[in-house]
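Asker: Could you work out the structure for the sequence below:
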Amino acid sequence: MKKIVIISGASRGVGKELAKEFLLKGENVCLISRTEKDLIKAKKELSKLSKKDIVIYAGDVSDENFVKSIYADLTKKYNISCLVNNAGVGRFGTIYDNNKEMLDTVFPAIVYGTILMTTYALPYMKDSKEIVKIVNIISQSGLRAFKNESVYCSAKWAQEGYAQCLRAETFGTNIKVINAYPGGIDSEFWKENRNYVSENVQKTFAKPAEVAKTIVDTLYCKKSLILKDIVLEQTHMNLE
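Answerer: Modelled structure (predicted):
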């Protein structure tokens, strides 16, 4: 069967750019996102770059039944070579602003989505004769604390904790776990978070295309090297 790379949160921003880079490397890709019209648009744009397969699924990666259905369908035709956990939502405010609505918005995609997408991929990946990869797009917020990011940092630290456990339990197997830690990215992510990042500040952040290219190029380094973490530091980061 043909091999495929699965990317969650893939209809725009870094997710779509990651799909582009994988396609340019000659990979088939599976794009997952909550909004079907955005997925269809992304597929149309990306199909101009490559004749490789582009498969799309619209749904919520924190929905266990949806995740199971993806793998049940996709694995009829493809072997999973790489899973990229990229889906995420952010909400920001002071420690006095936190509430359950913020928790219910941020945690599902980042924490539940990462764990569920990985859990149900593992049975299809563990018996592969080749090296397979799980790439977690975490964040600088998964490494250290930032003011006004207590909920987001908490979710990202949970994702980081899971990723480290995943690496420990797959150590010595054909499954390799790679964690990426980009800083602020100039994407639509910030449209719903103008209370935290203005348009002018957003423009100073890294571009999705350069982040995606750096990550994917690094994944294709020499097989004799063991890749663990990709930390993308910015030359400056201004949230004032």
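Asker: pLDDT on the longest helix seen in the chain, on average?
Answerer: Looking across the chain with DSSP state H, the single longest helix is helix 150-170. Along helix 150-170, the predicted local confidence has a mean pLDDT of 97.
Asker: With adjacent residues omitted, what lies nearest to T170?
Answerer: Spatially, and ignoring its direct neighbours in sequence, T170 is nearest to V177 (6.1 Å; C-beta to C-beta, 6 or more residues apart in numbering). Glycine gets a C-beta too; all of them are placed from N, C-alpha and C.
Asker: That neighbour belongs to a strand, doesn't it?
Answerer: Yes: counting by DSSP: H, G, I helix; E, B strand; the rest coil, V177 falls inside a strand.
Asker: List the buried residues in the helix or strand hosting V14.
Answerer: Following DSSP states H and E, one finds V14 within helix 13-24. With burial defined by 16 or more other C-beta atoms under 10 Å, the residues of helix 13-24 counted as buried are 13-23.
Asker: by how many degrees do the helix or strand immediately after it in the chain and helix 13-24 diverge?
Answerer: Proceeding N to C from helix 13-24, the next assigned helix or strand is strand 28-33, under DSSP H and E. Relative orientation of strand 28-33 with respect to helix 13-24: 170 degrees, computed using axes from the mean of the first three to the mean of the last three C-alpha atoms, to 10 degrees.
Asker: Name every strand pairing with strand 28-33 and say which way it goes.
Answerer: strand 2-8 (parallel), strand 54-58 (parallel) (DSSP bridges).
Asker: contacts for that strand?
Answerer: Contacts of strand 28-33 from elsewhere in the structure, counted by C-beta atoms under 8 Å, 6 or more residues apart in numbering, are 2-12, 15-16, 19, 22-23, 39, 42-43, 46, 52-59, 61, 70, 74, 78, 87.
Asker: you'd agree V135 is in a strand?
Answerer: Yes: with three-state DSSP as the criterion, V135 is part of a strand.
Asker: what sits against the closest residue to S187 other than its chain neighbours?
Answerer: On the basis of C-beta to C-beta, 6+ apart, the spatially nearest residue to S187 that is not a chain neighbour turns out to be G13, at 3.8 Å. The contact partners of G13, taken as C-beta under 8 Å, 6+ apart, are 185, 187-189, 208.
Asker: Flag every buried residue along stretch 128-137.
Answerer: Buried residues in stretch 128-137, counting neighbours by 16+ other C-beta under 10 Å, are found at 132-137.
Asker: And for stretch 27-38?
Answerer: 27-34, 38.
Asker: Show me how far that stretch is from its chain's centre.
Answerer: For stretch 27-38, the distance between its averaged C-alpha position and the chain's averaged C-alpha position is 12 Å (C-alpha atoms, centre = their mean, to the nearest Å).
Asker: what distance separates the start and the end of it?
Answerer: 21 Å (C-alpha to C-alpha, to the nearest Å).
Asker: Tell me the first helix or strand C-terminal of the lowest-mean-pLDDT helix or strand in the chain.
Answerer: Least confident helix or strand, the chain: helix 199-202 with a mean of 80, by mean pLDDT, DSSP states H and E. Scanning the chain past helix 199-202 towards its C-terminal end, the next helix or strand to appear is helix 208-219 (assignment: DSSP H and E).
Asker: That next one: what's the following helix or strand?
Answerer: Scanning forward in sequence from helix 208-219, with DSSP H and E defining helices and strands, the next element found is strand 229-232.
Asker: So what are the sheet partners of that following strand and their directions?
Answerer: According to DSSP bridges, strand 229-232 forms sheet pairs with strand 175-182 (parallel).
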